[in-house]
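1. Fold the following and give me the result.
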Amino acid sequence: MEYRLIEDAGYWIKYNTPEDSRLLASSFRQLAFYSERITYNVNEVDDFDEFIKENKISYLIWDTYYASPSHFSDLCKNYTLVKIFNDGYGKVKIYETSYDLCLSMSKF
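-> Numbers count the residues shown, from 1 in each chain. Model prediction:
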């Protein structure tokens with residue numbers, strides 16, 4: 001199986017997001033490598049909303065390559081879809097949590 005879309009998504013994150021962005025994904029090892037961002041394993045999270053806030057998660061990455069909790073895709077729908085990678089065999093979606101925006105607005 002080709003995981004090219006994970007690589008593409010990781011590089012997109014690397015070049016299009018702040019260096020201190022934190023990710024939550026099922027393909028966490030690969031995304032951490034390509035994006036050079038702190039990346040957490042979605043399969044080790046029980047309470048997504050709490051985890052996102054406590055760990056300052058900036059982006060959620062959903063993909064068709066690795067199993068993730070079924071409710072993770074539902075959770076992603078609550079956030080802003082910023083990028084899709086699709087080659088007909090697999091799909092990767094990147095969602096922004098707006099954590100950075102909320103943090104900057106709390107300074108006012």
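
2. quick one: secondary structure of Ala32?
-> helix (DSSP: H, G, I helix; E, B strand; the rest coil).

3. neighbours of it, just the number please.
-> Applying other C-beta atoms under 10 Å, we find 17 residues neighbouring Ala32. Quick note: C-beta positions are derived from backbone N, CA and C, even for glycine.

4. so which strand or helix has the closest residue to it other than its chain neighbours?
-> Nearest residue to Ala32, sequence neighbours excluded (C-beta to C-beta, 6 or more residues apart in numbering): Thr39, at 3.8 Å. Using DSSP states H and E, the secondary-structure element containing Thr39 is strand 38-41.

5. Check which helices and strands that strand is in contact with.
-> Under the contact criterion of 3 or more C-beta pairs under 8 Å, 6 or more residues apart in numbering; DSSP states H and E, strand 38-41 touches strand 22-25, helix 28-35.

6. counting contacts, what elements does the longest one pack onto?
-> Put plainly, it is helix 28-35. Against helix 28-35 (3+ C-beta pairs under 8 Å, 6+ apart) you get helix 4-16, strand 22-25, strand 38-41.

7. re the thing from before, partners of the residue nearest to Ala32 in the sheet?
-> Applying DSSP bridges to Thr39 gives these bridge partners: Leu23.

8. Distance check, it against Arg29.
-> 8 Å (C-beta to C-beta, to the nearest Å).

9. who has more neighbours, those two?
-> Using other C-beta under 10 Å as the criterion, Thr39 and Arg29 rank with Thr39 on top: 25 against 13.
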